[in-house]
Structure formats: C-alpha cells, structure tokens
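Student: sequence-free structure coming up:
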C-alpha cells in the first residue's frame, strides 16, 4: 500500500501517512503541484520555512511500463516565484515507488546551519548528520554515499550551489553508474532543498519494479503495445539512441532557430562540432567508456543518453544533452565539445541547471565580462567563482534575469525570471507561446511545439507564422502535464502524437494498475486539471496575464536568417487556457 512520507526538518521527524482519496489517482507533476497548492502559502518566501519540497514518482513509475522512471520535484520556485515542477530520470524514482512511497514531502527548516542526510530504506527512515559531506560536489558525494550505503542505492543530492541557496541550483539524481548527471534542474529547486538543510537523500533498496498492479495480464498487453509504439517510431527507435537528444543541434540550426551568442542569431557556424553526430564520432574515436544509446533509468527503451569520453577514454561527462550543448555551446559561441562537456560536468558537480547557467554566461558575455567563445574563461568562472560562492559567483548563481540587471543588459531571454531553452521563439513561434504562458516560466518541456513546428510530428504548423500556434501550444501543454503525471519520459510524446494506439495503451496501463475505467478523455482532463491547479497557485501569488509575455526584444529585434520577430498577439496568448 502506497503512503506519503512527511519529513519535518525542524524536528528531524519522519512520519508515514495514508494517501488521502483525492491524491490516489495523482502522481508525478499532478501530485507535486496539488500538494504545493494545498499546503504552501502562495506568497511565502521560497527559501523560508513555509515552502515545501515534494518528490513524487509518476503513476506508472515502479512498474514495467517502458520509459516510466521519472521523478517529479515540486516547490514554490525561488527563481520565478511561481509554482514549479521539474523532473529527472535516473534510478531513484522507481526505488521510491517500489518502497510504497507515493510522495516524499520535505517541510520545516532546521534552527542551525548543519546539513543532514536522509536515509530511506525498507527498515524505515534515518537522519544522519552530513558532517564533512557538506560542501562536496555531487560526484565525490555520490561515490562516498555508494561506498557507505551500497552501490545501486538511489541518491538525490545538491551541490555547493544548492547549499548556498543559488537560484540556478538543481536537484541531482544518479544514474546506474552512480554519476549525478540526471537533474531536476529548472527553477532553483536545489536552493529549496538547501534551505531545508538537506544535503542528500539516500534510497537504499534493491527494488526497482515492485509496485503492485491489480490486473497483471491486462497491464502486460498494454505495456507491450506501448513498447511497440516506442520501438517502431523513427525518432525514438533510431535517431535518439544513435545520436542522442543533441541530434537536434544541426536540425534546429538548419531551421534558423538555434539561439546563438545570447539570442542574437538563429544559426551558429560551429553547430556541427557540438551536435549528436560529433558526439557519436568522439565516442567511436576515443572508445573506452564513451557510449551513445545509454539508458538513464531501468526500463528505458529509448536510450537517448550518452557518456562522453575524454582523450583517454575515461568519463568526461554523462550525459551531454541537446539543451546543455546548446546553452554552453552555441549560446556562448563555444564550439569546442571538450570545453562544453567540461562545463556540463562542472554544472553536474556544483549542482547547477545547465540551461540557466549557459544563458547567464551568455548575458555576461553580452556585458563584456568574458568574450563569446571563451570556453576556458567560462570554465574558470564556474569552478572558481560559482563553486566558491564569491560575489561574482553569486551573481551568476542568481540567474540571467538578475545578471542582466546587474550589468545593464537588455537582451535577456527570460520569462517569469527563467531562461529560455534552445529554440528561438522568433523562428519557432509555437514554442514562444509555450515559453510565455506555461505556469513554469520559459520551459520547452511544458509544451514542445518543436515536434510539429520543425520535426513535423503530429502534423505541421508553419513555425514562422503566428497562425495556429496558440492551439498547438495549448494541446501540447495539456498532453505534457499528463505525461509528467504518469512518470513517462517526455520523448514518448513522439509516438503519442503519431501513433493512434499509443495513448490508449497508456490509459490501459493506468486502468490495469489502479482498477479504474478511464478513457482517453479522462486522461486528457487530468492534464487540464494539472494546469488549472498550477495557474490557481500563480494567481494567488500575484501573477497575471501581463506575466505571460516574452521579453520586449523578441518583438522588436528581427532574428537572422529569417529576419522575423515574435508576432503572436497578446490577446491570443490570453486564450491559451480557455478550456
């Protein structure tokens, strides 16, 4: 029987609670957002004692549903001031679910500055003083925790950035090799974890797929159907396992939508040196531990991840994803893949969101703090300034919006304080609608219009024209809220959009697990309710339609090579959530 584990950091007390009926058919993002709305004052200080940090596996996480190992992390964001859900892969979500933990709620605040480790096992919950583990980067921390608690334990952790409560701080989960590169990176949730005095959570169990299913035979059939959809779609069965998510670098660059040198152009002359094809070539040439087609979590059939080797074949960084190689590459004018991978590894170790870090570095380059293309200087800034929390390091750690204000930069690509990811809204206007209107701040994963705007998955909407973009974003935001709730990887969206059997098979897995009789319409309504919940929290926190806008320069500065601006009307943006 699943339970909610509530941890009070003020008293170092952990209690298990029965799951209230209203939460029974919620999981992942739906559960984190509902708990935050129900229990967190919308106007509270995100780093104060009244905020809460919620971890929730998806509805299907811990079962044999393919690619269902996502862990949602929710809180009020210190970066945006909005409600926030960020999710990650790795091995921990399935372990939590297999221990019968539907949600882990971290609340309260310690009275001192001492950090603790929370150890969750089949025997119960233990609070352990972090001691000299405090201050460590996530790589060394993970190795020491594996040495103490056993290899293959799940580790959720923060780095020095989270301990320093920086807005860029993410929450790390480890992969099967023990590396910390699986991040719930967006929104500064690592700072919230740091504010709770929590350095790491260890989930000590060998269980992975131990969640009970009410109708196993029905579940197996639906899982087989969904697996077939994933393993026959060309994107999820060929492109992603061969070249990883960074296969998009050359595609988006050719589309003229790859933000370059702080969103001043849509094409980067060094793109080919930083994409998935270049990564695959490096893995082949250097050999050793380098690998494409790596699975970030047990049961993943897409295998879009990678392990990038150094010149000796040892692990340089795992993984280097599309968003990271863009943010730390094209956006900063850096075309050296080793420099990009080193910056990515530093983000993983210090505990930083790679997107926010790369965009902030781009703003600093715009300001002349360092030159575009200067990889070694960018590496020095992260390792010497951010890691040590110097004054400049804290400015960087505060994010692009604050860095722009400090240095007087007006081209700052943020919405609600959060940096835009790797698609320029002037050339992919559907993603601009998503950036502007999602409750999360600029976030491509909230409604990935690129699928239809550029990749022509699930139909086609011309990315350069404003027509049809609002409807596209609306439908994808609803669908994504559902995917995040179920605990599925975002990339299952490709077959969900193209294969008419894919979504019904997901619904049938839910029915088989919980004994429900949901229809596809019921599942879609769940996605709508997630968005309603999140928008209600934001409204109570003081956000209005005026916050659902892109920055001014997007409307006034034409983007090369198409020389277009973002011209979806404000009154049309206000209709996104008219359901």
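Tutor: Nice, thanks for sending it over. The structure presented is a predicted model; accordingly, all values stated were derived computationally and were not measured.

Student: C-alpha from now on. contacts and neighbour counts both.
Tutor: Will do.

Student: Where does residue 247 sit: helix, strand or coil?
Tutor: When the structure is split into helix, strand and coil by DSSP: H, G, I helix; E, B strand; the rest coil, residue 247 lands in helix.

Student: List the residues that contact it.
Tutor: With Cα atoms under 8 Å, 6 or more residues apart in numbering as the criterion, the residues that contact residue 247 are 239, 240, 275, 276, 277, 322.

Student: Also residue 145?
Tutor: With the criterion set at Cα under 8 Å, 6+ apart, residue 145 makes contact with 155, 202.

Student: for residue 419, same thing?
Tutor: Here residue 419 is in contact with 355, 356, 359, 399, 400, 401, 413, 441, 442, 443 (criterion: Cα under 8 Å, 6+ apart).

Student: sec struct for the nearest residue to the fifth one once chain neighbours are set aside, please.
Tutor: In space, and not counting its chain neighbours, residue 400 is closest to residue 360: 4.2 Å by Cα to Cα, 6 or more residues apart in numbering. Under three-state DSSP, the three-state class of residue 360 is helix.

Student: how close does residue 360 sit to residue 167?
Tutor: Using Cα to Cα, to the nearest Å, residue 360 is found at 11 Å from residue 167.

Student: ok, now residue 15?
Tutor: Separation of residue 15 from residue 167 (Cα to Cα): 30 Å.

Student: now residue 216
Tutor: According to Cα to Cα, residue 216 stands 44 Å off from residue 167.

Student: Which one's more surrounded, those two?
Tutor: In terms of neighbours (other Cα atoms under 10 Å), residue 167 is the more surrounded of residue 216 and residue 167; the figures are 31 against 13.

Student: check contacts around that one.
Tutor: Taking Cα under 8 Å, 6+ apart as the contact definition, residue 167 lies against 78, 79, 187, 188, 189, 191, 397, 398, 399.

Student: For these, could you give me CSV that also reports neighbour count?
Tutor: What follows is the contacts of residue 167, written out as CSV (neighbours: other Cα atoms under 10 Å):
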residue, neighbour count
78, 26
79, 26
187, 36
188, 34
189, 35
191, 30
397, 31
398, 23
399, 29
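
Student: mind listing which of those are in helices?
Tutor: 189, 191, 397 (DSSP state H).

Student: ok, the last one - contacts?
Tutor: Residues counted as contacts of residue 397 (Cα under 8 Å, 6+ apart) are 161, 166, 167, 168, 169, 357, 386.

Student: okay, those residues in TSV with pLDDT, distance to residue 345 and secondary structure next?
Tutor: Output for these, formatted as TSV (pLDDT from 0 to 100; distance: Cα to Cα, whole Å; DSSP: H, G, I helix; E, B strand; the rest coil):
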residue	pLDDT	distance to residue 345	secondary structure
161	98	14	helix
166	98	18	coil
167	97	19	coil
168	96	15	coil
169	98	14	strand
357	98	12	helix
386	98	14	helix
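
Student: Pick the one among those residues closest to residue 426.
Tutor: Within the contacts of residue 397, the smallest distance to residue 426 is 22.0 Å, found for residue 357 (Cα to Cα).

Student: and the longest helix along the chain, which residues are buried?
Tutor: Residue-count comparison of every helix in the chain, with assignments taken from DSSP H, identifies helix 520-540 as the longest. Within helix 520-540, the residues that qualify as buried by neighbour count (16 or more other Cα atoms under 10 Å) are 523-524, 526-531, 533-538.

Student: same question, stretch 369-383
Tutor: For stretch 369-383, a neighbour-count test (16+ other Cα under 10 Å) marks 370, 371, 372, 373, 374, 375, 378, 379, 381, 382, 383 as buried.

Student: I'd assumed residue 330 was in contact with the third one.
Tutor: So the one you mean is residue 372. No - using Cα atoms under 8 Å, residue 372 makes no contact with residue 330, being 9.5 Å away.
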